[in-house]
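Student: predicted model and sequence follow; I will ask about them next.
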Number of protein chains: 2
Amino acid sequence: MLRQAFFSVNAQSVKQVETSAQVSGSQGKSQGRRTTIYDIAELAGTSPSAVSAILNGSWKKRRIAETTAQRVIDIAEAEGYARNLQASALRSDRSNVIGMIMPKYDNRYFGAIAEQFEAKARARGLFPVITCTERDPELEVAAAREMIGYRVDCIIATGATDPDRITRTAAAAGIRTLNLDLPGREAPSVISDNYNGARELALLLLDRIGPASGPLLFVGGRGTDHNTAERIRGVRDAHEARGLALPESHVLTCGYASDKAQSALDTLAFDVPEALFVNSTISLEGVVRWMRSNGQTLPFGCFDWDPFAALLEENVGMVKQDVTALVSTIFDRLDEPSGEADVIQIPCILCTE
Amino acid sequence: MLRQAFFSVNAQSVKQVETSAQVSGSQGKSQGRRTTIYDIAELAGTSPSAVSAILNGSWKKRRIAETTAQRVIDIAEAEGYARNLQASALRSDRSNVIGMIMPKYDNRYFGAIAEQFEAKARARGLFPVITCTERDPELEVAAAREMIGYRVDCIIATGATDPDRITRTAAAAGIRTLNLDLPGREAPSVISDNYNGARELALLLLDRIGPASGPLLFVGGRGTDHNTAERIRGVRDAHEARGLALPESHVLTCGYASDKAQSALDTLAFDVPEALFVNSTISLEGVVRWMRSNGQTLPFGCFDWDPFAALLEENVGMVKQDVTALVSTIFDRLDEPSGEADVIQIPCILCTE
DNA sequence: GCAACATGCTACATCGGTTGTGCAATTTGC
DNA sequence: GCAAATTGCACAACCGATGTAGCATGTTGC
């Protein structure tokens, strides 16, 4: 690790910059003291309540003269005023913050959800706050509690291990929750149609390896997880549709970590089947590492899409979840009267080639 | 899209659940009214200030009897009390929130930064808030302003297009900023050693295609971006070290979008060089799509690592940025006395195989 | 010329905590 | 047995914004 002045000293392609203009430390001329409506009121010769009304836009209906408003707005601008949202939220009991609890950031699916959630939240004038809980149920509740402490308007629990616990915790403070990706029983949910997505992909795989090749190997996910269960059901029904059975031994729900998938395959007690159904891109990492280190090349399909995994030669197809539809549907449900705790399922997109 | 009661009706592998226990809507028995220290004080027969001290841990130095403390704690527990952090932060002027501004979530580098940032922040008792600004300078400042409104203790600007603008905006409110991944002039920065990472990878590529093969083609990134400039410098010096020149025509700084990379290659005015230096995994997506659709297979190296891209047959090497070191160094700098606006560079890891 | 009304603003209580100050009640010192 | 010290807590003044209630002016109606 090397430490140096701004722009490496030996940088030739980068213009050397004058250091005279540097602000020392983080203090500008306005030292620490943040401007409040009281400061502005004094400067403008009005009352704090007028300033408040003017700066939060409610001044028209409070009959404040346009000239006063403009004067205050100009001063606020000049002083670099930023409303203290804590104080505002405390008083008005509306934080305008919407929280999302997210298991991981290590795949495109959750990344896309995060980005679209933020964009849609901002479009509604809400401030999005995402927090990642590493699939740890304790951390999920802790994060929910923290968000409750900030009095967020709503919490969206994405892929939560125990969504109902989050719902109950939040409900105790009068805060709504919605479930995304994994369903809960006590709050409205929006998830993918895991069953049909998995069924289609399994059929594709089975037809690729031909009728005499026996069952697929299902790798990854948690057996207790609703989506994994639905996907297994889809894969099983696909086998049935082709006159095959999927034995229990061929379902390796070894969790979501890639190492787990790799070691599950390493310690397989029977001959490796002719194709694999992989239950997440993370598991797929382990699967491909295993294939590479064993010189195997087995065709696989994967539930979840990744641009580079899609280009691997062994790839037969990937199920892409419809993130745009998922996120916009969850926002639609925000507007529901505080609706029923039912589940909306969104069809997936099968990407072949 | 289909809508149905919890757990699909035709689900066979999933236990049917009794619906009697369902909470209707989001209201539990405790309807909306959140418990405050005043409620608890009344229940415990003490004063609100005692409750406050007990529940925020400062009760020992306020000499409050252990028995009283335990009684209050038990009541708080039973009532499901959650401290109003807005009020708390408002009064104490410490929000315990640390903000991060992030350009995208669509690659492993930023995903890993986000996860490690959150973990480290929580380990310090801070609440991490990340917001993604889609590489839009306006959105960056808007997000910073919003965080300032919430009086975050510090803002970390990751890969910011205009970090100094963020620093100045925050400084006006007395809030510190730090720069990660891309350096700024007015706040402490921690970035990767882009020059040496790029140089090493370029040497690897040049040696792979042999001495007579001419220059590489550099694809992706923004020319104005410090890291891209440093990487170009590294690539250029690598050429020089092998007695080659890197002509301007061979530097395609077409931005970070994958489509841009693809179309830049499609409209190339000269013969494609024998190997590519790709400046991000996102650009690499476009590059690989272009190769696939043109039947080309060119060896490439990429600055930034992706587990599946690493497994593509054309891959020669990937530069993995040391996220653990980057994030822990940025947290170290948080503790500096409010230090100099200098840049610390972290070496990268070259992944071949 | 005076009531009635509109206009443009101010005063003040409030949201839920935090914290310096102070004061009884109890314990200790001698 | 009385002063000094300690223990255990309550009071009240905030933090910054919001919104209701109200109070001066000026304007209109007749």
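Tutor: On my side now, so go ahead.

Student: quick one: mean pLDDT for stretch A:109-116?
Tutor: Averaging pLDDT along stretch A:109-116 gives 98.

Student: you'd agree A:T167 is up against A:S189?
Tutor: No. Using CB atoms under 8 Å, A:T167 is not in contact with A:S189, being 10.2 Å away. (C-beta placed from N, C-alpha, C; glycine too.)

Student: settle it for me: which of those two has more neighbours?
Tutor: Set side by side, A:T167 and A:S189 show more neighbours around A:T167, with 28 against 25, by other CB atoms under 10 Å in any protein chain shown.

Student: and the residue lying closest to A:A264 once chain neighbours are set aside, how far is that from A:T324?
Tutor: Of all residues not flanking A:A264 in the chain, A:C254 sits nearest, at 4.1 Å (CB to CB, 6 or more residues apart in numbering or on different chains). Distance, A:C254 to A:T324, using CB to CB, to the nearest Å: 31 Å.

Student: the more surrounded of the two?
Tutor: Per other CB under 10 Å, whichever of A:C254 and A:T324 has more neighbours is A:C254, with 21 against 13.

Student: does the more buried one touch A:K260 like I think?
Tutor: Yes. Taking CB under 8 Å as the definition, A:C254 is a contact partner of A:K260 at 4.3 Å.

Student: what score does the most far-flung residue of chain A relative to its centre have for pLDDT?
Tutor: Here chain A reaches farthest from its C-alpha mean at A:G45, the gap being 47.2 Å by CA atoms, centre = their mean. Confidence at A:G45, expressed as pLDDT, is 95.

Student: what of the one 4 residues further on?
Tutor: pLDDT for A:S49: 95.

Student: mind telling me what element the most centrally placed residue in chain A is part of?
Tutor: Central residue of chain A (CA atoms, centre = their mean): A:A114, 3.8 Å from the mean position. A:A114 is part of helix A:108-123 when elements are defined by DSSP states H and E.

Student: overlap in contacts of A:T167 and A:S189?
Tutor: Residues touching both A:T167 and A:S189 (CB atoms under 8 Å, 6 or more residues apart in numbering or on different chains): A:N179.

Student: now the helix holding A:A114, how far from the chain's geometric center?
Tutor: Distance of helix A:108-123 from the chain centroid (CA atoms, centre = their mean, to the nearest Å) equals 7 Å.

Student: what's the answer for stretch A:218-237, then?
Tutor: In terms of CA atoms, centre = their mean, the gap separating the centre of stretch A:218-237 from the centre of its chain is 21 Å.

Student: using CSV, list the CA coordinates for that stretch.
Tutor: These are the backbone C-alpha positions of stretch A:218-237, laid out as CSV (Å, rounded to 0.1, in the frame of the first residue of the first chain):
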residue,chain,number,x,y,z
PHE,A,218,-30.6,-30.7,-8.6
VAL,A,219,-28.0,-28.6,-6.9
GLY,A,220,-28.2,-25.7,-4.5
GLY,A,221,-30.6,-23.8,-2.3
ARG,A,222,-32.2,-24.6,1.0
GLY,A,223,-34.8,-27.4,1.3
THR,A,224,-36.8,-25.3,3.7
ASP,A,225,-36.9,-22.3,1.4
HIS,A,226,-40.3,-21.9,-0.4
ASN,A,227,-38.7,-21.1,-3.8
THR,A,228,-36.4,-24.0,-3.7
ALA,A,229,-39.3,-26.3,-2.8
GLU,A,230,-41.3,-24.9,-5.7
ARG,A,231,-38.5,-25.3,-8.1
ILE,A,232,-37.9,-28.9,-7.0
ARG,A,233,-41.6,-29.5,-7.6
GLY,A,234,-41.3,-28.1,-11.1
VAL,A,235,-38.3,-30.2,-11.8
ARG,A,236,-40.0,-33.3,-10.5
ASP,A,237,-43.1,-32.7,-12.6
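
Student: buried residues in that stretch?
Tutor: Of all the residues in stretch A:218-237, those buried under the rule 16 or more other CB atoms under 10 Å in any protein chain shown are A:218-222, A:225-237.

Student: out of those residues, which are close to chain B?
Tutor: Among those, the residues within reach of chain B (CB under 8 Å from any CB of the partner chain) are A:H226, A:A229, A:E230, A:I232, A:R233, A:R236.

Student: turn those into JSON lines, including secondary structure.
Tutor: Converted to JSON lines, these look like this (DSSP: H, G, I helix; E, B strand; the rest coil):
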{"residue": "A:H226", "secondary structure": "helix"}
{"residue": "A:A229", "secondary structure": "helix"}
{"residue": "A:E230", "secondary structure": "helix"}
{"residue": "A:I232", "secondary structure": "helix"}
{"residue": "A:R233", "secondary structure": "helix"}
{"residue": "A:R236", "secondary structure": "helix"}
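
Student: show me what contacts the residue nearest to A:A264?
Tutor: A:V219, A:G220, A:K260, A:A261, A:S263, A:A264, A:S283.

Student: please report how far the residue farthest from the centre of chain A lies from A:T36.
Tutor: Separation of A:G45 from A:T36 (CB to CB) stands at 16 Å.

Student: then A:N315?
Tutor: Look at A:N315 and A:T36: by CB to CB, they are 58 Å apart.

Student: okay, these two: which has more neighbours?
Tutor: Neighbours were counted for A:N315 and for A:T36 using other CB under 10 Å; A:N315 has more, 22 against 17.

Student: enumerate the beta-bridge partners assigned to the more buried one.
Tutor: Residues in a beta bridge with A:N315, per DSSP bridges, are A:F300.

Student: contact partners for it?
Tutor: A:P299, A:F300, A:G301, A:C302, A:A309.

Student: dump those residues to JSON lines, plus distance to DNA strand C and pLDDT.
Tutor: JSON lines is the format used below for these (distance: CB to the nearest atom of the strand, whole Å; pLDDT from 0 to 100):
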{"residue": "A:P299", "distance to DNA strand C": "58", "pLDDT": "96"}
{"residue": "A:F300", "distance to DNA strand C": "52", "pLDDT": "97"}
{"residue": "A:G301", "distance to DNA strand C": "51", "pLDDT": "98"}
{"residue": "A:C302", "distance to DNA strand C": "47", "pLDDT": "98"}
{"residue": "A:A309", "distance to DNA strand C": "47", "pLDDT": "96"}
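
Student: quick one: is stretch A:169-185 near DNA strand C?
Tutor: No. Stretch A:169-185 stays clear of DNA strand C (CB under 7 Å from any atom of the strand), getting no nearer than 10.1 Å.

Student: for the spatially closest residue to A:Y105 that is not a sequence neighbour, grab the count of nearby residues.
Tutor: Leaving aside its sequence neighbours, A:Y105 sits nearest to B:G111 (CB to CB, 6+ apart; 3.6 Å). The number of residues packed around B:G111, counting by other CB under 10 Å, is 23.

Student: contacts only, for the residue of the stretch 201-350 of chain A found nearest chain B.
Tutor: Scanning the stretch 201-350 of chain A for the residue nearest chain B gives A:F308, at 3.5 Å (criterion: CB to the nearest CB). Applying CB under 8 Å, 6+ apart to A:F308 gives the contacts B:T281, B:L284, B:E285, B:V288, B:D306, B:F308, B:A309, B:L311, B:L312.

Student: how about the helix or strand that contains A:S263: buried residues?
Tutor: Assigned by DSSP H and E, A:S263 falls within helix A:258-266. Buried positions in helix A:258-266, judged by neighbour count with 16+ other CB under 10 Å: A:S258, A:K260, A:A261, A:Q262, A:A264, A:L265.

Student: and stretch A:142-154, by the same measure?
Tutor: A:A143, A:A144, A:R145, A:E146, A:M147, A:I148, A:G149, A:Y150, A:R151, A:V152, A:D153, A:C154.

Student: same deal with stretch A:124-143?
Tutor: By neighbour count on 16+ other CB under 10 Å, the buried set for stretch A:124-143 is A:126-133, A:135, A:139-141, A:143.

Student: filter those down to the ones in helices?
Tutor: A:L139, A:E140, A:V141, A:A143 (DSSP state H).

Student: so can I have TSV of those showing pLDDT and distance to A:D181?
Tutor: Listed next are those as TSV, based on pLDDT from 0 to 100; distance: CB to CB, whole Å:
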residue	pLDDT	distance to A:D181
A:L139	94	17
A:E140	95	13
A:V141	94	18
A:A143	94	16
